[in-house]
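Q: Quick check, what structure comes out for this input:
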Amino acid sequence: MSRIGKLPIKIPAGTTLTIGSDGATVTVKGGRGTLTRTLPRVSVVVKDGHALVNVGGEAREDNACHGLSRALLANMVKGCSEGHKRSLAITGTGYKAEVWGQQLTLALGYSHPVVFEVPEGIKVAIEEKGTLIHLEGADRELLGLVSAKIRSFRPPEPYKGKGVRYTDETVRRKAGKTGK
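A: Residues are numbered from 1 along each chain as shown. Prediction:
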């Protein structure tokens with residue numbers, strides 16, 4: 001049995017957790033939105049404001065999905081009640097970002113601006129003259145995909161440190177070539 005899978009998930013006030021007829025389809029509704037997911041090889045039980053994830057069977061694959069399913073459900077509950085946040089920093093001369101509705105335009109040293117259509121459910125905010133991007137959303141998986149896609153347009157390089165990086169990421173710098 002998974003140590004993480006055995007932990008109960010506290011359901012905060014204002015958040016409702018609904019279990020489908022199969023016992024594995026879960027819908028979480030809160031102030032930040034609604035998320036639905038079918039959890040593999042487990043069943044979910046709600047007792048006294050806490051959700052418990054139970055193993056579906058005795059097979060090895062069932063035990064392997066126990067901790068995963070609990071983590072996915074905990075992320076859904078947190079996302080619908082509080083939301084998830086991710087921040088990206090842009091470093092480099094002339095590098096900046098602008099947002100217009102759900103469209104993010106990045107100037108990253110290419111001959112053309114990079115235009116990225118932000119998916120529904122993710123909010124984008126720009127700070128510090130376009131060098132700091134804040135992403136916020138209920139779905140942690142989608143938030144991670146969007147932030148990784150934005151970072152992939154110009155990953156940080158080790159010599160000058162230019163590029164798009166996460167704010168909590170450290171870039172190992174390398175020494176350049178030595179002159180005579």
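
Q: Could you use CA atoms for every contact and neighbour count after this?
A: Noted.

Q: check contacts around residue 43.
A: By C-alpha atoms under 8 Å, 6 or more residues apart in numbering, residue 43 lies in contact with 23, 24, 53, 54, 55, 56.

Q: Torsion angles phi and psi at residue 112?
A: Main-chain torsions, residue 112, degrees, to the nearest 10: phi -140, psi 150.

Q: got a pLDDT number for it?
A: Looking at residue 112, its pLDDT reads 96.

Q: quick one on the thing from earlier: can you list which of the contacts of residue 43 are found in strands?
A: Judged by DSSP state E, those include 53, 54, 55 as members of strands.

Q: Read off the pLDDT value for the first one.
A: Think residue 53. Predicted confidence (pLDDT) for residue 53: 89.

Q: Identify the residue spatially nearest to it, adjacent ones excluded.
A: Nearest-residue entry for residue 53: residue 44, 4.7 Å, with adjacent residues in sequence omitted and distances by C-alpha to C-alpha, 6 or more residues apart in numbering.

Q: helices or strands next to the longest strand along the chain in the packing?
A: Ordering each strand of the chain by length in residues (DSSP E) puts strand 84-91 first. On a contact count with 3 or more C-alpha pairs under 8 Å, 6 or more residues apart in numbering; DSSP states H and E, strand 84-91 meets strand 132-137, helix 140-152, strand 163-166.

Q: Distance check, residue 46 against residue 52.
A: Distance, residue 46 to residue 52, using C-alpha to C-alpha, to the nearest Å: 6 Å.

Q: what residues are up against residue 105?
A: 97, 98, 99, 113, 114, 115, 116.

Q: Neighbour-wise, which one of those residues leads?
A: Using other C-alpha atoms under 10 Å as the neighbour test, the contacts of residue 105 are led by residue 97, with 23 neighbours.

Q: what sits against that one?
A: Residue 97 touches 104, 105, 106, 107, 126, 130, 131, 132, 133, counting by C-alpha under 8 Å, 6+ apart.
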